[in-house]
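Visitor: using only what follows, build the 3D model:
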Amino acid sequence: MLKLSVEAELPLVAVSTRDVLNLTEVLKEVTGKEVEAFTPQSPVEPHKLYIHLCAPKENLPLVALYTKMIKHESTLLLVNPARVEEPMFDAGEVPVPRPLMMAFMKAVVGSDPKATQLLRGLGGCTLKEAAELSRLTMARDKSLTVQGLMQTRKSSFQTSKGLTQVDPGQGFYEPPKQLQEWVAAEKKFFLTGDDARLIPRGLLFDGPPGVGKTAGAKWLASQLGVPLYRIDVGGAKSKWVGESEGNLMASFNRVDLEEPCCVLIDEVEKVFSQGHDSSGTTTTMLSQFLWWLAEHRSRVLAIMTTNASKALPKELYREGRVDKVMWFEGLDQSAAGPFVHALLDTFPKVKATPNDIGKIVFQAFKAAGPGGKASQALLTQSVYAFAKAVS
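Guide: Prediction:
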């Protein structure tokens, strides 16, 4: 939108940035035009691009500036204004073009393949942030990897209302076969696919509590090697009219800038179940969410989890918004034994006999009740209880 607004020579354009230091270089790359500093007293030449860094509480003569700029068919970029108001056009945050970030990372690591790989951990970063994250990661790890960059980013990530970064690291987890097959088939299209129609957009994980849906989202992000964010739709709600919708869109806009990444919307039925809202706010938020799911072109994989898909409006998970609905369930007894054995192997000091494993499985299925399935969470809890008892 910034490039288009400059090409259209809109008179006053508001933009935001977290990197004033490299702003001129970034703007030149984005717009293809030289940028000149401007003050309200500066003369204006035709068809020029000017920039003004707004001071806190600065009171600019906006109407006069608008008139001056439109007279000369020039554009004034107002950077980080205290608020966006008429007659400004809001072009949002200044993006860092991928070629510019690529050139920076190549200068750091010296090779195109390594720089390309590291870019996966720097989606949404400014040049300044990329430099700082690289230096911090090198100081801690004595090397530079995607995993190291993401670890550093998590510790310094600035949350917004309803948006947090999630650590994809976890204990023992056995992903269902359908999830493993999906990753194997879709990973290349998500990370390096050049046809937007083939890039995966979203998944819905359905199943009872404790079967590993949230853990599956963490596993998926770690397999793709990208950050995982969580949007708390309920946490984005506000008592003020219109603010809830604004908070939700701010979260979507932020994760779009963080591409490539995964975004988790956990227990989605608690917010978007049919008949849940009487105020109209949730309905409007659902409309925004549906629009984003269908229309976003960023390399962002939305992962929704639910304990009750029948309570969800079907338009939330129809084709075109999600690529696949996966059913997660507990393990039967034939699969529970190997799961318990593999989990026990992660405790080097715990020695268990086949009889012990049988007892652990029996206790878990007894606690699970009728149904013939035991969740990974319940089996894990039983293993932990056994490890504590014999330690």
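Visitor: quick one: low-confidence ranges for this protein?
Guide: Scanning the chain with the threshold set as pLDDT under 70 gives 156-162, 234-245, 274-281.
Visitor: the strands in it, which residues?
Guide: Assigned by DSSP state E, the chain shows strands spanning 12-16, 35-37, 49-53, 75-79, 89-93, 163-166, 202-206, 228-231, 261-265, 300-306, 324-327.
Visitor: out of those strands, nearest to Gly371?
Guide: With Cβ to Cβ as the measure, strand 324-327 is the member of the strands of the chain nearest Gly371 (14.7 Å). Glycine gets a C-beta too; all of them are placed from N, C-alpha and C.
Visitor: give me the sheet partners of the closest one and which way each runs.
Guide: strand 202-206 (parallel) (DSSP bridges).
Visitor: show residues contacting the strand it pairs with.
Guide: With contacts defined as Cβ atoms under 8 Å, 6 or more residues apart in numbering, strand 202-206 is touched by 182, 213, 216-217, 220, 268, 293, 301-307, 309, 316-317, 321-328.
Visitor: among those, name the buried ones.
Guide: When the contacts of strand 202-206 are checked for burial by 16 or more other Cβ atoms under 10 Å, the buried set is 182, 213, 216-217, 220, 268, 293, 301-307, 309, 316-317, 321-323, 326, 328.
Visitor: tell me the gap between stretch 63-77 and the middle of its chain.
Guide: Its chain's C-alpha centre and that of stretch 63-77 lie 37 Å apart, by Cα atoms, centre = their mean, to the nearest Å.
Visitor: sorry, that was for stretch 377-391
Guide: 34 Å.
Visitor: pull the contacting residues for the residue nearest to Leu77 when sequence neighbours are not counted.
Guide: Leaving aside its sequence neighbours, Leu77 sits nearest to Ile51 (Cβ to Cβ, 6 or more residues apart in numbering; 4.7 Å). The contact partners of Ile51, taken as Cβ under 8 Å, 6+ apart, are Leu23, Thr24, Leu27, Val35, Glu36, Ala37, Phe38, Leu76, Leu77, Val79.
Visitor: Ile51 and Gly358: what is the separation?
Guide: Ile51 sits 72 Å away from Gly358, going by Cβ to Cβ, to the nearest Å.
Visitor: what do you get for Tyr229?
Guide: 41 Å.
Visitor: next: Val30.
Guide: 64 Å.
Visitor: who's more crowded, these two?
Guide: Val30 (18 against 14; other Cβ atoms under 10 Å).
Visitor: shouldn't the more buried one be in contact with Gly92?
Guide: No. Shown here, Val30 and Gly92 do not form a contact pair, counting by Cβ atoms under 8 Å, at 11.9 Å.
Visitor: could you name every residue contacting both of those two?
Guide: Leu2.
Visitor: ok, what's across the strand from the residue nearest to Leu77?
Guide: For Ile51, the beta-bridge partners under DSSP bridges are Ala37, Leu77.
Visitor: in PyMOL, select just the buried ones from the contacts of Ile51.
Guide: Only the buried members of the contacts of Ile51 end up in this PyMOL selection, burial being decided by 16+ other Cβ under 10 Å:
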select buried, resi 23+27+35+38+76+77+79
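Visitor: tell me the one of the contacts of Ile51 nearest Val146?
Guide: Among these, Leu23 lies closest to Val146 (Cβ to Cβ), at 26.7 Å.
Visitor: quick one: Glu34 and Lys28, what's the gap?
Guide: Computed as Cβ to Cβ, the Glu34 to Lys28 distance reads 7 Å.
Visitor: any idea how far His296 is from Asp345?
Guide: Asp345 sits 41 Å away from His296, going by Cβ to Cβ.
Visitor: so between the two, which is more surrounded?
Guide: Using other Cβ under 10 Å as the criterion, Asp345 and His296 rank with His296 on top: 17 against 11.
Visitor: give the contact list for that one.
Guide: Contact analysis of His296 by Cβ under 8 Å, 6+ apart lists Arg201, Phe252, Asp256.
Visitor: residues in contact with the residue lying closest to the last one once chain neighbours are set aside?
Guide: Nearest-residue entry for Asp256: Ser298, 4.2 Å, with adjacent residues in sequence omitted and distances by Cβ to Cβ, 6+ apart. If a contact means Cβ under 8 Å, 6+ apart, then Ser298 has Val255, Asp256, Leu257, Glu259 as its contacts.
Visitor: where's Tyr384 relative to Val13, distance?
Guide: Taking Cβ to Cβ as the measure, Tyr384 falls 57 Å from Val13.
Visitor: more crowded one of these two?
Guide: More neighbours surround Val13 than the other of Tyr384 and Val13, with 23 against 13 (other Cβ under 10 Å).
Visitor: that one bridge partners, please.
Guide: When bridges are called by DSSP bridges, Val13 pairs up with Leu77, Phe89.
Visitor: unless I'm misreading it, it sits right up against Met88, doesn't it?
Guide: Yes. Using Cβ under 8 Å, Val13 is in contact with Met88, at 7.0 Å.
Visitor: which residues touch the residue nearest to Gln151 when sequence neighbours are not counted?
Guide: Spatial nearest neighbour of Gln151, chain neighbours left out: Thr137 (7.6 Å); criterion: Cβ to Cβ, 6+ apart. Residues in contact with Thr137 (Cβ under 8 Å, 6+ apart) are Leu144, Thr145, Gly148, Leu149, Gln151, Thr152.
Visitor: how about Met150?
Guide: For Met150, the contacting residues are Gly121, Val226, Pro227, by Cβ under 8 Å, 6+ apart.
Visitor: got a list of what the residue nearest to the last one when sequence neighbours are not counted touches?
Guide: Excluding its sequence neighbours, the residue lying closest to Pro227 (Cβ to Cβ, 6+ apart) is Cys261, at 4.6 Å. Residues near Cys261 by Cβ under 8 Å, 6+ apart: Gly123, Ala221, Val226, Pro227, Leu228, Tyr229, Val255, Arg299, Val300, Leu301.
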